[in-house]
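# Provided below are the primary sequence and the corresponding predicted coordinates.
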Number of protein chains: 2
Amino acid sequence: MNELIEYLLQFGNLNKQQTDIITSKATELKLQKGGYFSEAGKIPKQVGFVVKGVIRIYCYDNNGGEITKYFVDENRLVVDYENFEANLVSSDYLQAVTDCKLIVFSKQNWEELYHTITDWDKIITKAVQKAYQIHLERRTALVSEDAVTRYLSFLEKFPTLANRVPQAYIASYLGVTRFSLSRIRKNIR
Amino acid sequence: MNELIEYLLQFGNLNKQQTDIITSKATELKLQKGGYFSEAGKIPKQVGFVVKGVIRIYCYDNNGGEITKYFVDENRLVVDYENFEANLVSSDYLQAVTDCKLIVFSKQNWEELYHTITDWDKIITKAVQKAYQIHLERRTALVSEDAVTRYLSFLEKFPTLANRVPQAYIASYLGVTRFSLSRIRKNIR
DNA sequence: TCTTTTTGTTGCCAAATGGCAACCGTTATT
DNA sequence: AATAACGGTTGCCATTTGGCAACAAAAAGA
């Protein structure tokens, strides 16, 4: 639980009593590789925090191809935020790419925190906005540079991810086929 | 001013007294085509709301090429939010693509609204998060589909924009050269 | 109006990427 | 151990895109 509290403290202050409340509302969840934290066609019911492992968020394009939107690895919140908040059916899959250990909050417990912890809303707002900023920044990079540059900056931004995630997923994140990515890797060596 | 108030009411309730305060803190700003609302290398000092015209947000990639991040047209907030909030030097240019009429708030006036208007923070948080969601969604579309599809969905999402914005800007938004975009347009006809 | 500048188009060719099939190596499964 | 499943690589070729130069059209200025 310690990692979660440290993460939250980035965005605001919390005293011992408050952190105790937070941890009391959280439970541990283990996901096997390939398991789903939340699925398209359903309403997301949990907020998660990745203690160990990698989650991939993806959807399908109009041709039935998978698009990896982003990855969430250790010490990050994983949540289909928009649909979780609004109780909407999602069109995204949140899937464990490796075996994962998560800390999760049910929707009810999560909402109780807004009433219980002063400034909880501010902390979460900051965390969410930061996450949006990061994703957006990365996405913007993906439309400019060529595929080689995109892969290189992927390696820079996620140095530990390349070895843990199948290349096909990285390829779909970068917007190239797995064949192209394979050739790019060959040329880099 | 009416457009601004309507815009804000999407995200929360405001009574007459509150809307009066808001409008009292705003001023009108006209920007000529090509003029800058805010520039890279400077700290953004204003929040704007586009009454008339189109603003383009862009930056430079490592090769000196322009990347158009997004466009803001009528009835949208235009602000380099991240850097405005944190008082950081921006690396983006916010430029008028057409003659523009804006409603603007100085940083000081904007911050006074947080102290004066109940739930102002909640309204702005919602507005900002919605904006992030939209940008992120569009960016994700840009890494999957091919260039033709991307242009077609650009036309769908921004039907009025294609005629008002130089193609070179649209091309850099879509992640293709202006030459490619020109050929794509030719093939569509 | 005439000129200049900006914006958009096109031909040519090179480079990058996609699509498919085949193949290889590793990991799971039985 | 044998088999199957998965992940990754490579060759072949078609298609797309980029880069450049020249040109055309439209808009802005004088």
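Cool, got the structure.

# So which elements touch the longest helix along chain A?
Scanning chain A for the longest helix, with DSSP state H as the assignment, gives helix A:120-144. Packed against helix A:120-144, as judged by 3 or more Cβ pairs under 8 Å, 6 or more residues apart in numbering or on different chains; DSSP states H and E, are the following elements: helix A:2-9, strand A:66-72, strand A:77-78, helix A:107-116, helix A:147-157, strand B:66-72, helix B:120-144, helix B:167-174. To be clear about C-beta, it is placed using only N, CA and C from the backbone, and glycine gets the same treatment.

# Redo those as TSV? Include distance to B:Ser153 and mean pLDDT.
As requested, the helices and strands packed on helix A:120-144 are arranged in TSV below (distance: least, Cβ to Cβ, whole Å; pLDDT from 0 to 100):
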stretch	distance to B:Ser153	mean pLDDT
helix A:2-9	36	96
strand A:66-72	14	93
strand A:77-78	28	96
helix A:107-116	33	96
helix A:147-157	21	93
strand B:66-72	14	94
helix B:120-144	6	90
helix B:167-174	10	96
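
# Among these, which comes closest to DNA strand D?
Nearest to DNA strand D, of all the helices and strands packed on helix A:120-144, is helix B:167-174, at 7.6 Å by Cβ to the nearest atom of the strand.

# buried sites along that closest one?
B:169-174 (16 or more other Cβ atoms under 10 Å in any protein chain shown).

# Using PDB, write down the CA coordinates of that helix.
C-alpha atoms of helix B:167-174 as PDB (Å, rounded to 0.1, in the frame of the first residue of the first chain):
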ATOM      1  CA  GLN B 167      -4.000  23.000 -45.800                       C
ATOM      2  CA  ALA B 168      -0.400  22.900 -44.600                       C
ATOM      3  CA  TYR B 169      -1.700  23.300 -41.100                       C
ATOM      4  CA  ILE B 170      -4.200  20.600 -41.400                       C
ATOM      5  CA  ALA B 171      -1.500  18.400 -43.000                       C
ATOM      6  CA  SER B 172       0.800  18.900 -40.000                       C
ATOM      7  CA  TYR B 173      -2.100  18.100 -37.700                       C
ATOM      8  CA  LEU B 174      -2.800  14.900 -39.500                       C
END
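
# That one - contacts with which helices or strands?
Helix B:167-174 packs on helix A:120-144, strand B:55-60, strand B:66-72, helix B:147-157, helix B:178-188, going by 3+ Cβ pairs under 8 Å, 6+ apart.

# contacting residues around the fourth one?
When you say that, I think you mean helix B:147-157. A:62, B:138, B:141-142, B:145, B:161-162, B:170, B:173-176, B:180-181, B:184-185, B:187-188 (Cβ atoms under 8 Å, 6 or more residues apart in numbering or on different chains).

# From these, list the ones also adjacent to DNA strand C.
Counting by Cβ under 7 Å from any atom of the strand, B:181, B:185 from the contacts of helix B:147-157 sit close to DNA strand C.

# Show me how to select, in PyMOL, the buried members of the contacts of helix B:147-157.
In PyMOL syntax, the buried subset of these is picked out as below (16+ other Cβ under 10 Å):
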select buried, chain B and resi 138+141+142+145+161+170+173+174+175+176+181+184
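
# Local confidence estimate at the closest residue to A:Cys59 other than its chain neighbours?
Counting by Cβ to Cβ, 6 or more residues apart in numbering or on different chains, A:Cys59 lies nearest to A:Asp92, which is 4.9 Å off, once chain neighbours are set aside. Note for A:Asp92: predicted pLDDT of 95.

# swap in A:Gln32?
Reading off the model, A:Gln32 has pLDDT 93.

# residue contacts, it?
Neighbouring residues of A:Gln32 by Cβ under 8 Å, 6+ apart: A:96, A:99.

# rerun that using 6 Å as the cut-off
Each residue near A:Gln32 by Cβ atoms under 6 Å, 6 or more residues apart in numbering or on different chains is listed here: A:Asp99.

# next one: A:Tyr58
Taking Cβ under 6 Å, 6+ apart, we find A:Tyr58 in contact with A:66, A:68, A:93.

# Pull up the residues of chain A that are close to chain B.
Contact residues, chain A versus chain B (Cβ under 6 Å from any Cβ of the partner chain): A:61, A:67, A:69, A:82, A:125, A:132-133, A:135-136, A:139-140, A:142-144, A:175.

# Centre-most residue in chain A?
Ranked by distance to the mean C-alpha position of chain A (Cα atoms, centre = their mean), the top residue is A:Val72 at 3.2 Å.

# just to revisit the earlier point, does the longest helix of chain A come close to DNA strand D?
No. Helix A:120-144 does not reach DNA strand D (Cβ under 7 Å from any atom of the strand); its nearest approach is 9.5 Å.

# Equivalent analysis for stretch A:158-172, please.
Yes. Stretch A:158-172 is in contact with DNA strand D by Cβ under 7 Å from any atom of the strand, via A:166-168.

# How about stretch A:146-157?
No. Judged by Cβ under 7 Å from any atom of the strand, stretch A:146-157 stays clear of DNA strand D, getting no closer than 7.6 Å.

# Hmm, A:Ala171 is touching A:Leu181, no?
Yes. Counting by Cβ atoms under 6 Å, A:Ala171 touches A:Leu181, with 4.0 Å between them.

# Now do A:Leu102 against DNA strand D, distance only.
With the distance defined as Cβ to the nearest atom of the strand, to the nearest Å, A:Leu102 ends up 21 Å from DNA strand D.
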